[in-house]
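In: dropping the sequence and predicted coords here.
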Amino acid sequence: QLQLVESGGGLVQPGGSLRLSCAVSGFSEDDYSIGWFRQAPGKEREGVSCIDKNGSNIKYTDSAKGRFTISRDNAKNTVYLQMNSLKPEDTAVYYCAADTVFGLCVLKSFRGYDSWGQGTQVTVSS
């Protein structure tokens, strides 16, 4: 069974950077896409970025464009989310999720993702 483990969250000052990692295990092939989602208290879950199984299709939500970079290292079975110029409004629990059925990069809906990590807290505050 596919397992996802996020790491790299923490407390950072505005303007700082963090790199989140999503380690994938229990899947013998690379035929899965990964999406990063976040949920702040009292708000709906929103898609931040995604990358398809080949790394050829990448998407970002508008607020992440120019600040966040998603990448994947299939040799390490890990997907990264480099977050720069962080703002207080980026504060949320960040989740990675995998679509092992179609391997699509979709941000508008999280329902196609069949496996989820436990989340990692990102807090941007001075």
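Out: Done, it's in.
In: can we go C-alpha only for contacts and neighbour counts from here?
Out: Noted.
In: how about the residue nearest the centre of the chain, secondary structure?
Out: Most central in the chain under C-alpha atoms, centre = their mean is residue 36, positioned 2.3 Å from the mean C-alpha point. Put simply, residue 36 is strand when judged by DSSP: H, G, I helix; E, B strand; the rest coil.
In: doesn't residue 45 make contact with it?
Out: No: between residue 36 and residue 45 there is no contact under C-alpha atoms under 8 Å: 10.3 Å.
In: output stretch 77-89 as PDB, nothing but the C-alphas.
Out: C-alpha atoms of stretch 77-89 as PDB (Å, rounded to 0.1, in the frame of the first residue of the first chain):
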ATOM      1  CA  ASN A  77      10.800   8.400  -4.400                       C
ATOM      2  CA  THR A  78      10.500  11.900  -3.100                       C
ATOM      3  CA  VAL A  79       8.700  15.000  -4.200                       C
ATOM      4  CA  TYR A  80       9.800  18.400  -3.000                       C
ATOM      5  CA  LEU A  81       8.100  21.700  -2.600                       C
ATOM      6  CA  GLN A  82      10.500  24.500  -2.300                       C
ATOM      7  CA  MET A  83       8.800  27.500  -0.800                       C
ATOM      8  CA  ASN A  84      10.400  30.900  -0.900                       C
ATOM      9  CA  SER A  85       9.300  34.400   0.100                       C
ATOM     10  CA  LEU A  86       6.800  32.900   2.500                       C
ATOM     11  CA  LYS A  87       4.000  35.100   3.800                       C
ATOM     12  CA  PRO A  88       1.800  34.800   6.900                       C
ATOM     13  CA  GLU A  89      -1.100  33.700   4.600                       C
END
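In: what does whichever strand or helix holds residue 6 contact?
Out: Using DSSP states H and E, residue 6 falls within strand 3-7. Strand 3-7 is contacted from outside by 20-26, 95-97, 115-120, using C-alpha atoms under 8 Å, 6 or more residues apart in numbering.
In: so what strands line up beside that strand?
Out: strand 18-25 (antiparallel) (DSSP bridges).
In: buried only: go through the contacts of strand 3-7 for me.
Out: For those, a burial check counting by 16 or more other C-alpha atoms under 10 Å picks out 20, 21, 22, 23, 24, 95, 96, 97, 116, 117, 119, 120.
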